[in-house]
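Prediction below, plus the sequence it came from.
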Amino acid sequence: MPGGSIVGERAFVLEDAFGVIHNLDVHWQFNNSPALQVFEFDELMERSLPLEHGLSKVRVPCLEDALLIAAVHRAAHYHDVLFVDDSGEVIPESDRLIWLYDIHLLAGQLDAESWHSLLKRAIGKKVASLVADGLAKSHEAFRTTVPPEVLTALHKAKDQIDPASLQSSRLSSDLAGMLAIEGLSGKLRWLGQHLFPPVSYLKARYGVSGPRVYLYYFYRLAAGFYKRLVT
């Protein structure tokens, strides 16, 4: 896969014979942030539920896991820009209404027992603050109802990933991600792949070929450095 282990997902688009566009986001790890590798496939599969829509052998995460995934997913996009409004305010991609509406719909299906399970799992995964942030944004947009005791417990949980550490700057977020990787060799491999990804990645990313593809190493380094200075 392009980019090696620093890239954990890839988007595919298919237009069928009827002109309908199908978007498929394929993940081979939870997301691209080493600091947010919350779930392993096996544990999600163990708690998964069958999708009862006439499709055979299809399973989906349980409601609690799905809500955690939705909350952590938006946290991985704190620094991605959705658009800049007329006043110049930058709207982050993490505030996309379609993502917040996912959280709203999932939260609306939880009963008291499910909320308790979600709370326990969120604290155990150290993402209670990220879940609280997602629920707060969902409430702001759609008046999502969350049991007050759940919100209180999420906010009071200790030793959790702090949203501010992911929001303060792209550089600090990258640093937190690198520090989350086990072992010096893993950290160096991650850094090396960020700075010098495979040539195949540059060809696919920038649509270039031949010797000039190597110029894009300098372009990518300069653009990445600038992006981390301003965001």
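Perfect, I can see it now.

which residue is nearest the middle of this structure?
In the chain, the residue lying closest to the centroid (Cα atoms, centre = their mean) is residue 73, at 3.0 Å.

List the residues that contact it.
If a contact means Cβ atoms under 8 Å, 6 or more residues apart in numbering, then residue 73 has 31, 99 as its contacts. Using the backbone N, CA and C atoms, a C-beta is placed for each residue, glycine as well.

Okay, it and residue 226: tell me how far apart.
In this structure, residue 73 and residue 226 are separated by 26 Å, where distance is defined by Cβ to Cβ, to the nearest Å.

quick revisit: what mean pLDDT would you report for the helix or strand hosting the residue nearest to the centre of the chain?
In the assignment (DSSP states H and E), residue 73 maps to helix 63-75. Mean pLDDT, helix 63-75: 94.

next one: it to chain centre, how far?
9 Å (Cα atoms, centre = their mean, to the nearest Å).

Same question for stretch 115-131.
The mean C-alpha position of stretch 115-131 is separated from the chain mean by 16 Å, Cα atoms, centre = their mean.

What of stretch 24-36?
Offset of stretch 24-36 from its chain centre (Cα atoms, centre = their mean): 7 Å.

residues in contact with that stretch?
Stretch 24-36 is touched from outside by 1, 5-14, 37-39, 72-73, 75-76, 127, 161, 166, 173, 176-181, 190, with contacts defined as Cβ under 8 Å, 6+ apart.

Now do the buried residues in it.
Residues of stretch 24-36 classed as buried under the neighbour-count rule (16 or more other Cβ atoms under 10 Å) are 29-36.

Pick out the most distant pair among those residues.
Checked with Cβ to Cβ, the buried residues of stretch 24-36 reach their widest spread between 29 and 35, with 12.7 Å between them.

what helix or strand does residue 197 sit in?
Secondary structure assigned from DSSP H and E places residue 197 in neither a helix nor a strand.
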